[in-house]
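A.B. asks: When you get a sec, could you give me coordinates for this:
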Amino acid sequence: MEAWLLFVIGIGLCVAELFGSTGFFLLILGLGSLLTGGLTSLGVISSWIPQATVFSLSSLGIWALFGDSLQRLLRTGEKEYGGLIGQTAVARETVAPGHKGSGEMWGAPWRVENVGSSIIQSGDECEVVSSDGLILRVKRKDS
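C.D. replies: The predicted model follows:
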């Protein structure tokens, strides 16, 4: 493949990432194409088999080196749902400090994690202090 075509494909993939949220996958493929185009224009590689190999390995290498960092950038704006904090959940089983169990809030079952210092008995009311996805971090309500 010609170097100019690899550059066009690489730029096109990078631009497509701007308009579609793909989790930086198109950006990484675009960078792999640009790197392959650069090596082709320098005459380091010329036939399609080495180009395909360089494209594949460079894309995988970029993902291995920077993928986690890029994915963290996507999640920086995520916050826990603040409407849960301060709500009351009821334990469905005994949950020791630092352990997880089941609870109920708003008539629905939830996973709960006891972040307090005292054991939560089945039927105890708990206060939600934070959340981690679908797990409520709770402590036993003092009566």
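A.B. asks: C-alpha from now on. contacts and neighbour counts both.
C.D. replies: Noted.
A.B. asks: now the strands: where do they sit in this structure?
C.D. replies: 88-91, 100-105, 108-114, 125-132, 135-140 (DSSP state E).
A.B. asks: Arrange those strands in TSV, one row each, with mean pLDDT as further columns.
C.D. replies: Shown next, in TSV, are these (pLDDT from 0 to 100):
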stretch	mean pLDDT
strand 88-91	94
strand 100-105	94
strand 108-114	92
strand 125-132	89
strand 135-140	92
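A.B. asks: any weak-confidence spans in the protein?
C.D. replies: 74-82, 143 (pLDDT under 70).
A.B. asks: Okay, domains of it per the record?
C.D. replies: 3-75, 82-140 (automatic domain parsing).
A.B. asks: Now tabulate those in CSV and tack on mean neighbour count.
C.D. replies: Converted to CSV, the domains of the chain look like this (neighbours: other Cα atoms under 10 Å):
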stretch, mean neighbour count
domain 3-75, 17
domain 82-140, 18
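A.B. asks: got a list of what Gly38 touches?
C.D. replies: Applying Cα atoms under 8 Å, 6 or more residues apart in numbering, we find Gly38 in contact with Ala3, Phe7.
A.B. asks: how near is it to Leu57?
C.D. replies: 15 Å (Cα to Cα, to the nearest Å).
A.B. asks: can you check Ala16 too?
C.D. replies: Note on Ala16: its distance to Leu57, by Cα to Cα, is 21 Å.
A.B. asks: ok, Glu125 touching Asn114?
C.D. replies: No. Glu125 lies out of contact with Asn114 (Cα atoms under 8 Å); the separation is 11.9 Å.
A.B. asks: Need the overlap of contacts for those two.
C.D. replies: With Cα under 8 Å, 6+ apart as the test, Glu125 and Asn114 both reach Arg140.
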